[in-house]
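> structure, please.
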Amino acid sequence: MTIKSIVAASALAVAVMLSPVWAKTASGQDVSLVTLDVKDIAKGIRAENLKMRMVTNEQGERIGKIDDFIFTPDGTQIFAVIAVGDYTGLSGNLIAVPFTTLKIDERSSSVVLPGASRADLLKLPVFLYKN
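Residues are numbered from 1 along each chain as shown. Sure, this is the predicted structure:
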């Protein structure tokens, strides 16, 4: 095998590894699968590790606990469902806030909702699970 052949084969292999993989769904729609850096993704925070975590405001006042996460049908937004008041669900309310409004410090295990108070959150519309 010549040097040119080795270089060409190597370039082709790299191009294949870096290009998206295309597939057809049952309905004939094209779907693009991309190569991700799984090591980088693994540095993230698992949603399961955030569930039931206490939510505070900047003053450290406890204002609720994360109950769950809701993804919009188109996948463009994520909401955190927070139990406010009685955390057992007996006399508290569930509210939903955009996930991007939460400040998460994994080192201290804190979740902060800046500018919030328990009284303010209790004034928000109650969130009800659809199913």
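> wait, residue 127 sits on residue 96?
Yes. Contact criterion Cβ atoms under 8 Å: residue 127 and residue 96 qualify, at 4.4 Å. C-beta coordinates here come from the backbone N, C-alpha and C atoms, glycine included.
> shared neighbours of these two, which are they?
Common neighbours of residue 127 and residue 96 (criterion: Cβ atoms under 8 Å, 6 or more residues apart in numbering): residue 81.
> so which strand or helix has residue 55?
Secondary structure assignment for residue 55, by DSSP states H and E: strand 54-56.
> other residues contacting that strand?
Around strand 54-56, the neighbours that count as contacts under Cβ under 8 Å, 6+ apart are 62-66, 82, 102, 110-113.
> mind redoing it with 7 Å?
Defining contact as Cβ atoms under 7 Å, 6 or more residues apart in numbering, one finds that strand 54-56 is touched by 62-66, 82, 110-113.
> helix, strand or coil for residue 120?
Secondary structure for residue 120, judged by DSSP: H, G, I helix; E, B strand; the rest coil, is helix.
> what's the burial count for it?
A count of nearby residues for residue 120, using other Cβ atoms under 10 Å, gives 14.
> how about residue 73?
Neighbours of residue 73 (other Cβ under 10 Å): 6.
> and if you look at residue 53?
Residues lying near residue 53 (other Cβ under 10 Å) number 15.
> how close does it sit to residue 74?
Distance of residue 53 to residue 74, given as Cβ to Cβ, to the nearest Å: 27 Å.
> per-domain residue ranges of the chain.
3-35, 47-122 (automatic domain parsing).
> mean pLDDT lowest for which of the ones you listed?
Across the domains of the chain, domain 3-35 has the smallest mean pLDDT, namely a mean of 53.
> and stretch 111-124, what's buried?
111-113, 116, 121 (16 or more other Cβ atoms under 10 Å).
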